[in-house]
Structure formats: structure tokens, C-alpha cells
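Participant: below: sequence and its predicted model.
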Amino acid sequence: MTRLFMASASAAALIAAAAPAWAQDQAADSQSSGIEDIVVTATRQATNMQDTPLAITAVASETLNERGLKSTADLSQAVPNATFRRVQGAFGPGVSAFIRGIGQADTSLGSEPSVAYYVDDVYYPLLLGSNFDLLDLDHIEVLRGPQGTLFGRNALAGAVNIVSKAPSLTETSAYVQATLGSYNRMDIRAGFNVPLTSNLGLSVSGVSKKRDGYQRMLDFRCDMERKGTPALAGNLPYASAINTTSNNFKADDCTVGRLGGEDVRAVRGSLRWEPVDNVSLTLIGDYTRDRSENPADQLMVVTSPGGNNLQAQANYFGVRYDSRFVTGDPFTTYATYTDPVGAGVAIPAYAAGAAYAGSPATPASTFHNGRSNRGGAAFSPVTRLDNWGVSGKLVVGLTESIDLTAIAGFRKMTEDHSFDIDGSPLVLEHTLLNIGEEYKNFEVRLSGKSDLIDWVAGGFYFEGDGFTHAITYSPQSAFYKIQNIKYDPLSKAVFANVTVKPMEGLGITLGGRYSDDKKSVDFSNVLDTNPVLDLTKGDTAFKIQPAATRFDWKIGVDYRFSQELMVYASAATGARLPGYNARPQQPTQVVSFGSDETLAYELGFKADLWDRKLRLNVAAFYTDYKSRYTGVTGAETNILSGAPQAGTCVLVPFAAGGAGATSCRATPFDPATETRNLANGVGVLSIPRTYYVNTPGKVKGFEVEMEVRPIEGLAINGAIGFAKFDSPDLKIATRANDRLAGLPEWNGTLGIQYRIEAEPLGGSITPRLDWFYTGNIAMSAARNTYNQPAYSLFNGRLSYANDEHQVTVSLGVSNLFDKRYYHNFFVYQDIGFPNVNGQPGAPRQWFVELGKKF
């Protein structure tokens, strides 16, 4: 920290010394011709971003449109040290959110987010449904570092503050924008603003986005016949009967569906009323309907033929689960989301060689055992999400310097999605989830400003009612599980933040927040065995109530050397609420785990130089991740199996420690050389289990953001971020990677555009090029075979704007050089499954966009 402080102070001193020469005789008109100010509400008061002493990226709607950023999943392309990504299909229609190496990818209600979302001051508590379309947006703010004081609940790593445009009371306007592009893309955005009276304004906007997926789902039997290798299909049926080969017909395109597409509709309305001076009431309602396809998912490697049930199923169809189901093309898959075994079919035992030459001997399937709901299952690769809400915000100017703000919101989200793990026409494990939550929250704030002090104080209340209904259809684990979870969170908090200005240029900030959070979680977990086993329902042992009360604080100091330069330093805390195991397989796995906590130190400076032609913001940070609960994959004795069974795995102590933590040794029990020991778990049937272990860590890094407009018409923006995560669990000798899975340590962006006046065309032409860099990503703790190498993506855009008629026409290309890369690898091999899947990024796509303002 001393070195960081000295480096920051030295850089600030150099800039402070040079700033007068760069900005000498700066006048108001030169300010207006330079880089524009952005007003943010990160301190719960309106401030200039360059006067706000924290690491914040604020991007105006016009800039987002120039860069082609349309939703929160695109924010990684604008924010250093941030990873926002549409999650893979196993976790549904959500966005994983990480800031400075800390975040959450699991969208279940069991694990709280680490980044707090606020939409027009209303808290959004979920990762599911958080891929907000940036509709009728004014600007978006991404606050890096814990925001436990003012944003509170789950602002462990940072916060995202989405601010929409307020209806105008004086101007009637409208706009429409249409986009056509690759994969039958058709987007339409439109909106209008109407002043209904002198003090009442209405704005309404809507969007429709439709695009086919870039990954084709292929009929396996059809494709094998097309390739001249029908024997590889064994007795597997066609995925679509229309592809059936006959004497005079053979399909030349075996596509039966697509993944990676988009189908979203959304509408938003806002009513603003100012009955008297210093009083403003804004009412907002919105609705989103998402019927998008699951993200693209490719079976990359089959590491073994799987367990007995999968091998028995493969024998039944005269095939083997192996590389024949690996297409070798990231944009094709043989996944079917169906079970090819008929309902009620019992798969018998097979002797060696009975199914086909060289086929293994397999016992009778314990999954496909003749029960009516085993076999014949069909799931949909399409998401169904409905998300709507209403909110109101009242602002009353009590005096010239004191405001009262009251916010109320209600929102309801329901969705269902499924996932095919095996990526083949067989079924290894399929999941179907229906998740929902409705909630209401209220916040009241008093705030004031004066020459000596700026302050804000308030209270927060949140109450929710959520549920999870899930089906796990798993021949691999030999069960059909039906899960119901009721989830009722309650949160209360009071907070205050004060900035004292004892002398010109100096600010001292003190903040605190006391919060009281509770959850009531009620499990019903049914295994469809014979007889049916209801593992949890009605037993108080399976009603858990995670709770936490805590005090978060912030202390900071900032000093403005001149109008052009400010330096700041701060220390702040943040927390994520306790969670619970959302996927228990037996009573012993119904557990909760504690809160995550961070304490972060930050040093930085913000500078507007060269007559506001250069903006440079730099921050260095060190985060003490004091409490960090991680899920450790292990196993435990199957207490529902009755008599002990040999042949699955042996339990041994887990090296990372933790109460009762274990790891399943992938070695069968051999009665000839080993002795069954039930007390030590030797020679019993085991099932997977996640153990929650507190593994504190440290994160250090820096961010640099730059914007420069050296000459009229030319604009260059760039950012780079580095975050190094260190924790004892990353240094275990058995780990292949010493980094967090799924996150790069480096990311960066660079964009350049130049506006060329084209008088003969009655407007201007603006070419733009953007570069996005993502560093090397480790995808598995146990192996580095599937690490994603560092990669660069380029987007290009050429726009024509006619100012007189307010018409714009743009031609754009994303992934300009058609780079092949993966968002994620799901290494199922790490949890005992025989496969590895990857989620490929989109190939090159073009689009044409036409816009008109009225």
C-alpha cells in the first residue's frame, strides 16, 4: 500500500505541476467544446463524475450506441476489471457479474449476487433476468469496489446503477430504429415523449429483438447417413422423422433446431409530474418477455463411456458414448434435449458383445427400470422469462439545500429453462428449472449540500417471496429428483454518508450502514424411487434461516489540486448475504453458509487536461477478502441406498480442510485388496456433494481509463484493468491452475472514431473501430487442458448522420476477423461425468441500422 500511495502521489504531483500549463486561460467556451461532463448519482446525490472520489465508469446512451452495446451483458466491453457475461444454459437467462475478481455466476436463489443492481434507484436482487436491455437509457454507472454504505445489500464487489431518461415537460419527440443483420436478425426500437400539460410528461418506449441462433442442432442419424457412416448411429432414432432416408430421398441438411438465438420483447413507460416547484413524482412501469434459445453449447471431449446406466443405455441403441458425438465444429451440436428411450421401458442387462461387436457387459439399468416417468422425456431448449415491475420516486425540495427522496418498487420475475448436459442423442443428465421471485422495496433519503458539508441519510426495506421448482433427470446419478424450495428474504437497513470540506479542495468522507437480513428457506426434495422418498418435506430440520446483521463503513479523503486534477484515497467494506445449498440430494446436504465480506483500499486520481481534450482516470486497489465461502466438489455416503454397495468410489480427506470436507477418489472398491470400513466411508455407495469452506483471499490490481479528443471530430477511448486474486486454496498441490476459474486477470478496450463532414451528402460520415482484449482464462481447478487463451475481438462501424432530417444509417460488423473463442468451458469431468462442454462465442456478424428522430 505504501508503494501504491507513493506512486499515486508522484503521478498526481507531476500532473498537478503540468496542469496549469496545459489548461492556462481555460475559458467556459473551451470547456464546452471539450469532453463533456457526466452527472452521476453514485453518492446518492447528483455529482460530476470527475468530482466523485471513487472508481466509476459512467457511459452515456449515445456512447453505448456508438459502440454497439445494447444490454448489461455487453458492459465488459466498456469497463476495466469487469466481467459481465450471459451465463451458459445450465444457469438460465441471467448475467454473471464480476468486478475486480469478485462475483457470482450461479443464478440460483441459493447464492446471492456479489454485484448490486439498481434500476432507477430500485434494487434488483437477482442474476436471473439481469440482462437488461438498455432501453431509453440516459446513462449507466458501474461502481468498482465494495459499496456497502450507500448501495448495501450484496454490493460486495461493486454496483451497477442504470439511469433512464426522464420524460421531458417541454419537448415533444419520438424516434424509431430498425436493425437487420446476420442470422435473420431484426431489431426494432421506438419511443416517444409527450408533454401532456405544462407540469406532466409521458414517455413510452419499446424494443423487439429477434435473431436465429448461430449454432445448428443436427439430427445425429441423419448426419451419419449424410456422411456415409450410418453404422455409427446404431439403432438411434431420427431426431426428426422428416429426415428419414428412403429409396429416392436423402436429407442434405440435417438441421433440426438452433441455439444461441434471441427473441425478446420489452416495453417501458414513464410519467413525470411536477405539481409545484421543488416537487417531482416519477412513475415507471416496464415489462420484458424473453423467449430466447439457450446459449450455444458444444460437446468438446468424451473422456470415458460413462457409468453403468449410460453404458446400458448406449448398449440398448447399439452405440457407445464416445467421440462420434463430437462434431468438431463449435457451431454444430448433436444435443436433442430428449430421452430416446421410450416411457416405461426397462433396459435389461447385457452380456459382453451382446449389443454389438466389442460392447461391454452392463447390468440392468437402475434408471430406465420400467417406471412410467422414466424415459420419453422431452425438454425445450428455449427460455421462457417474464419480468415486470412498477416503481415510483418522489423528490421534495424541503429547502434550497435539503431534499427528501422516497422510492417504492414492486417487481415479479418468473422463468423456466432446461439444459442438456451430454450434448448427444443419449441422455446423461437433463435439468429443468422453474424459478421465480416477487419483491417490494422501499427507500427514503434525506440529503443536503452546503459549502462545508454534503450529506445523505436514509433507510432501506426489502421483502421478497421466491421459489425454485426443479427436475433433475439423471441416468448418470440413477435418480429422478423433484425439488421445491420456498425462499423468503427480508432486509432492513439504515445508512448515512457525510463529506466534510474543511478547506478549499479538501474533502473528508465518512459513511456507515447497519443492516439486518434474514431468510426463511423451506425445502421439499423428492426422489422418485420405489417407494417415493420425500427427503425433506414437513421436517423442521429442513427449514433453514440464514441471517446476518452487520455494520459496513467507508472512510475517504480527496483533494483537488486544481480544476483539472483530483486525487483520492479510501477504505470501505462490503458484504454478500449468507446462502444455502440450492441442490441438495439428501437430507445431510441441506445446509447454509455464511456471509462473504471484503475490506478494500483504493487510491486514485482523475484528471481533465489539455483544455478538457484528455480525460485520464487511474485507480489502484487492494482488497482483503476476509470471508469467502467457496463450494468444494466432493462426495459422501448415499444414506438412501440401504445396504452398502461396492464399486463406486472411496472417500478420502480433502486437502483444503474444512469440517467434514471430502473428495471422491475415482478408484473402484476392490474387496480383494481393500477392507470395507463403513465408519471411514470405504466401500459404500457415494453421491456427489458440495462442501462450503471459508477460504479468505486477497485481490490487488489497477485500472486506467482514458478518453482523448485531440482535434475536432476525432475521439479515442481506452481502458485497461488488472486484478490478481490470491488465496491459499489456489495453491493446493493438486490444482493445475493457481487462478480463479472463469476470470481473466487482464482486460482492455480501445476505440477510435473520426467524424468527417460530408456537405455534398448533407451530413457527416463516422467510421469507428473497437478492440476488446480478454486475458488468459483458467476454466478448471483440476486441469489446464481447457484453458481459454487470451484473445482479441474487433468490431467495426460506419455511420452516416443527416442532421437536418435527423436520420442515421449505420453498417457494422461484430467479431470483424471471425475469431474463434469460448465464453466458458464446463468441465463436467471434474464432478465425475465423462464429458467436457464449451460455450462458443458468436462468429462474425454484420448488421445495417436505420434510425430516425422526430
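Facilitator: Looks like it arrived, so ask away. As the structure is a computational prediction, the values presented were derived from the model and not from experiment. Numbering: from 1, shown residues only.
Participant: please tell me how far the nearest residue to Leu490 once chain neighbours are set aside sits from Phe462.
Facilitator: Excluding the flanking residues, the one nearest Leu490 by C-beta to C-beta, 6 or more residues apart in numbering is Lys518, at 4.9 Å. In this view, the C-beta of every residue, glycine as well, is placed from N, C-alpha and C. The spacing between Lys518 and Phe462, counted by C-beta to C-beta, to the nearest Å, is 11 Å.
Participant: pretty sure the residue nearest to Leu490 contacts Gly464?
Facilitator: No. Under the criterion of C-beta atoms under 8 Å, Lys518 is not in contact with Gly464, lying 11.1 Å apart.
Participant: who has more neighbours out of the two?
Facilitator: Set side by side, Lys518 and Gly464 show more neighbours around Gly464, with 19 against 16, by other C-beta atoms under 10 Å.
Participant: hmm, back to that, now for Lys518 and Gly464: what residues contact both?
Facilitator: Any residue near both Lys518 and Gly464 by C-beta atoms under 8 Å, 6 or more residues apart in numbering counts here, and that gives Pro489, Leu490.
Participant: Lys700 and Ala619, how far apart?
Facilitator: 12 Å.
Participant: any common contacting residues for Lys518 and Phe462?
Facilitator: Counting by C-beta under 8 Å, 6+ apart, the residues touching both Lys518 and Phe462 are Pro489, Leu490, Ser491.
Participant: could those residues go into JSON lines alongside distance to Glu564, pLDDT and secondary structure?
Facilitator: Listed next are the shared contacts of Lys518 and Phe462 as JSON lines, based on distance: C-beta to C-beta, whole Å; pLDDT from 0 to 100; DSSP: H, G, I helix; E, B strand; the rest coil:
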{"residue": "Pro489", "distance to Glu564": "46", "pLDDT": "93", "secondary structure": "strand"}
{"residue": "Leu490", "distance to Glu564": "47", "pLDDT": "95", "secondary structure": "strand"}
{"residue": "Ser491", "distance to Glu564": "41", "pLDDT": "95", "secondary structure": "strand"}
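Participant: those into a markdown table, with extra columns for neighbour count?
Facilitator: Output for the shared contacts of Lys518 and Phe462, formatted as a markdown table (neighbours: other C-beta atoms under 10 Å):
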| residue | neighbour count |
| --- | --- |
| Pro489 | 22 |
| Leu490 | 14 |
| Ser491 | 23 |
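Participant: can you put those residues in a markdown table and add distance to Ala174?
Facilitator: Converted to a markdown table, the shared contacts of Lys518 and Phe462 look like this (distance: C-beta to C-beta, whole Å):
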| residue | distance to Ala174 |
| --- | --- |
| Pro489 | 41 |
| Leu490 | 43 |
| Ser491 | 40 |
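Participant: and which of these is nearest to Val326?
Facilitator: Here the nearest of these to Val326, counting by C-beta to C-beta, is Pro489; it sits at 42.7 Å.
Participant: this protein: helices as residue ranges?
Facilitator: 2-22, 28-33, 61-67, 220-227, 308-316 (DSSP state H).
Participant: for the record, mean pLDDT for the longest one?
Facilitator: Put plainly, it is helix 2-22. For helix 2-22, the mean pLDDT works out to 44.
Participant: same deal with the last one?
Facilitator: For helix 308-316, the per-residue pLDDT values average out at 94.
Participant: can you list the buried residues in that helix?
Facilitator: Asn308, Asn309, Leu310, Gln311, Ala312, Gln313, Ala314, Asn315, Tyr316 (16 or more other C-beta atoms under 10 Å).
Participant: for these, which one is nearest Met49?
Facilitator: Using C-beta to C-beta, those come closest to Met49 at Leu310, 55.4 Å.
Participant: show me what contacts Ser108?
Facilitator: Phe91, Ile435, Thr468, Ala582, Arg583.
Participant: how does it look with 10 Å?
Facilitator: When contacts are counted by C-beta atoms under 10 Å, 6 or more residues apart in numbering, Ser108 is found next to 91-92, 94, 126-128, 433, 435, 468, 470, 485, 487, 579-583.
Participant: quick one: contacts for Asp558?
Facilitator: Contacts of Asp558 by C-beta under 10 Å, 6+ apart are 51-54, 499, 501, 505-509, 566-570, 604-606.
Participant: wait, doesn't Leu310 sit right on Tyr321?
Facilitator: Yes. Between Leu310 and Tyr321 there is a contact under C-beta atoms under 10 Å: 5.6 Å.
Participant: what do these two both touch?
Facilitator: Ser304, Asp422, Leu426, Leu428, Pro834.
Participant: thanks a lot, see you next time.
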